[in-house]
Every structure is written in C-alpha cells, then in structure tokens.
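Turn this into a structure:
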Amino acid sequence: MHHVVALALPGVVALDLAIPAQVFGAPGSPGLYRFSVCAAEAGPVTTSTRFDLVAPHGLEVLAAADTIIVPGYAPHDPPVPAVIEALRAAAARGARLVSVCTGAFALAAAGLLDGRRATTHWLDAPDLAHRYPAVDVDPAPLYITAGSVLTSAGFTAGIDLCLHLVREDLGADTAAELARLLVVPAHREANQAQYISQPLPTDSTGMADVCAWALQHLDHSLTVADLARRASLSPRSFARRFTAETGTTPLRWINAQRLQHARRLLETTDLNVEEIARRTGLGTATNLRLHLAREAQTTPTAYRRAFQRLPAAERRSRQRREPEVVT
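Alright, predicted model coming up:
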C-alpha cells in the first residue's frame, strides 16, 4: 500500500485538505493508497475557516510515508522546527513531497524548494518569492513537477495535481475513472494558466506609478529600459526591485497584463480579435491566439463563449464607451 499522509498545519485550509482526502482516502479511491492525516502533535488543529479538525497522528507517521501532502495554511509563517526536520528527513529518504496552494510556504521554509521552480496561489506568489528568494516562483501554472517535489496553485488546482499523481502511479485509465467519479476534468495540463489578475505593487518605491503608466500604454512597445526610465532607475536595478515586489519579471508582468486586458475585452465587448490584439499590444490576431493557447489552453472564440457575461446590447454599449489607450 502506498501511504499518503496529509500534514495539517495550524490554520490549514479545509478545502486543500479535503482534496487529497477525497482522492486518496474516500470510498471509490484507488485501492493502492492508504491515507492518513497528521499534525505537529496528534489532536485538534485550527482551520482557516474557524473550525477545528482532529489529526489522529503526530509527526511519527511521516517517517514511513511514501507521499507527503502539505495543504495550504494561513498565516504563512514557517512551521515549528520539528515539522521542518520531519519534512527534510522525508525528502532525504526519497519520499514524494507535495504542496497544495500555500502549503508551498512550508516546503520553502524547509529549504525543499531552493533552486526549484514552484507555484502557489497567484495572490500569494509575490510573498513566497519575497520570503524565499532561492525559490523560482512561477505564479502562472496549475501545478509544477520538479523531481520528487510538486507544487500546485490555489484551491481546486490541487485536484489537478492529485489526479496527476494517480496518473503517474496507476495510469491514465485509473485517473480518468476517478475524475469521472469526482465529476471533474480528467486532465488539465500542468502549464494551463491560472485565471489570474496580476496585482499592482502598493508600496512607496515607485513601482505602482510605473505599472499604472504601463497599463495606459499597453498598445506601445514596452521594454524594461522604458519602465526603468519612468522609475529613474537603471534597467538592472529596476528589474530586481520589480521582481521582488511582484514575484515576476517586468516583461512577464506586461505580457500577463496584455493577456488579462485581452480577456477582459473578449468578455465584455464584441471587438474582433484583430482589434483586441492591437489595443492590448499583442500586435496581431495570430499572436493573441498563440498567447491565449499557451497561457490558458484555449482560443479567443472558445474563451469568449465560456466567459462572455454581458448581453449583446450592453456589450455594444461598453464597446462604444471603451476608451482608446492614452498616448
């Protein structure tokens, strides 16, 4: 039996814990697995939704676990030293280490993400990058596999990662049957983008003003040098400071903003793809299609069909009101 253990830290996100419990421990889950829940000490554990759950085991069960899953938790402070040591010992003996959502903060605190590419909920990615600069934080994918260490994005992306584990262990047919039981897609690619809105920096270092200016000039060719001049910094200093504040590079942030604006126009207007590409700085309809396919595994037509939420009359009104980008 492959022993899967979920480690519930104080402030554990109940949904993040329920996902691996359902996949690996509920009736109908593959028979290969044995599922347990542990905590730093056996007993009650607080959740982020203000009720307690009871962990029947302490850290001793991690010593024999084949896969250890750390659900998200808040606040994202480093776990107590005993938890850090147990995670490091498990990694040293070759156990598979998995985080759901902000569980990545615990793996990072243990040094298990150093030098690795990792993800978490897009909203918390800048904090993860700031606290643990040795981690290559990518806020876009649903999940990332880095050897025996795997991380996932927020909440239901944990389902995708858990089904990926089943697929790797038992094959595609077993994973597909389990997905059918859970009434979820059988397979979403790991690099499918989270539907995220990149936040603006909010502190007083000048990044927020530069970002606000960039958003008004998305239809222009924007370089790091352009943004650095607005901030009165050298390109190198600007790129370093920008990455520290946002968890991503300036050019990746700009591309994300362009794609986010394109999504917004697809949702709320009847503008054709060529005009949307022009207004967002993506250049051509072909380029917009390529970006949307790579980042969200979809096409403009399919995205518009899935997400367009305004009646046609209101879309036309919104289109007439849509301002040209300020030059």
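
Show the residue spans covered by the helices in the stretch 101-250 of the chain.
104-109, 125-131, 157-170, 172-182, 207-215, 224-231, 235-246, 250-268 (DSSP state H, counting those that start in this stretch).

Can you tell me which helices and strands the first one packs against?
Packing contacts for helix 104-109, counted by 3 or more Cβ pairs under 8 Å, 6 or more residues apart in numbering; DSSP states H and E, involve strand 67-70, helix 81-92, strand 96-99, strand 117-118, helix 125-131, strand 149-152. Using the backbone N, CA and C atoms, a C-beta is placed for each residue, glycine as well.

Turn the ones you listed into a markdown table, columns for mean neighbour count and distance to residue 267.
Formatted as a markdown table, these follow (neighbours: other Cβ atoms under 10 Å; distance: least, Cβ to Cβ, whole Å):
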| stretch | mean neighbour count | distance to residue 267 |
| --- | --- | --- |
| strand 67-70 | 27 | 35 |
| helix 81-92 | 17 | 41 |
| strand 96-99 | 26 | 31 |
| strand 117-118 | 21 | 30 |
| helix 125-131 | 20 | 23 |
| strand 149-152 | 28 | 26 |
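
Between those, which one is closest to residue 276.
helix 125-131 (26.5 Å; Cβ to Cβ).

How about residues contacting that closest one?
76, 104-105, 108, 118-120, 135, 137-139, 199, 243-248 (Cβ atoms under 8 Å, 6 or more residues apart in numbering).

let's go with 10 Å and repeat that
76-78, 102, 104-105, 108-109, 113, 118-121, 135-140, 151, 153-154, 194, 196, 198-199, 201, 243-248 (Cβ atoms under 10 Å, 6 or more residues apart in numbering).

Low-confidence bits of the stretch 101-250 of the chain, can you list those?
185-206 (pLDDT under 70).

If we use 50, what do you get?
Scanning the stretch 101-250 of the chain for pLDDT under 50 picks out 198.

looking at it, residue 52 is touching residue 46, isn't it?
Yes: in this structure, residue 52 is within contact of residue 46 by Cβ atoms under 10 Å, at 5.7 Å.

Who has more neighbours out of those two?
More neighbours surround residue 46 than the other of residue 52 and residue 46, with 15 against 10 (other Cβ atoms under 10 Å).

The helix or strand where the more buried one lies: partners in the sheet, and parallel or antiparallel?
Following DSSP states H and E, one finds residue 46 within strand 43-46. Strand 43-46 has its sheet partners listed here by DSSP bridges as strand 52-55 (antiparallel).

how far is the partner strand from where the chain is centred?
26 Å (Cα atoms, centre = their mean, to the nearest Å).

ok, now stretch 154-164?
Using Cα atoms, centre = their mean, the offset of stretch 154-164 from its chain centre is 10 Å.

what does stretch 41-54 give?
For stretch 41-54, the distance to the chain centre is 25 Å (Cα atoms, centre = their mean).

Let the chain start at 841 from now.
Happy to do that; since the first residue is 841 now, the last one works out to stretch 881-894.

Just list the residues touching the nearest residue to residue 991 once chain neighbours are set aside, thanks.
Nearest residue to residue 991 in three dimensions, chain neighbours excluded: residue 958, at 4.3 Å (Cβ to Cβ, 6 or more residues apart in numbering). Each residue near residue 958 by Cβ under 10 Å, 6+ apart is listed here: 939, 944, 947-948, 952, 965, 968-969, 972, 975-978, 981, 983-984, 986, 989-992.

For residue 860, see how far away residue 958 is.
Distance, residue 958 to residue 860, by Cβ to Cβ, to the nearest Å: 18 Å.
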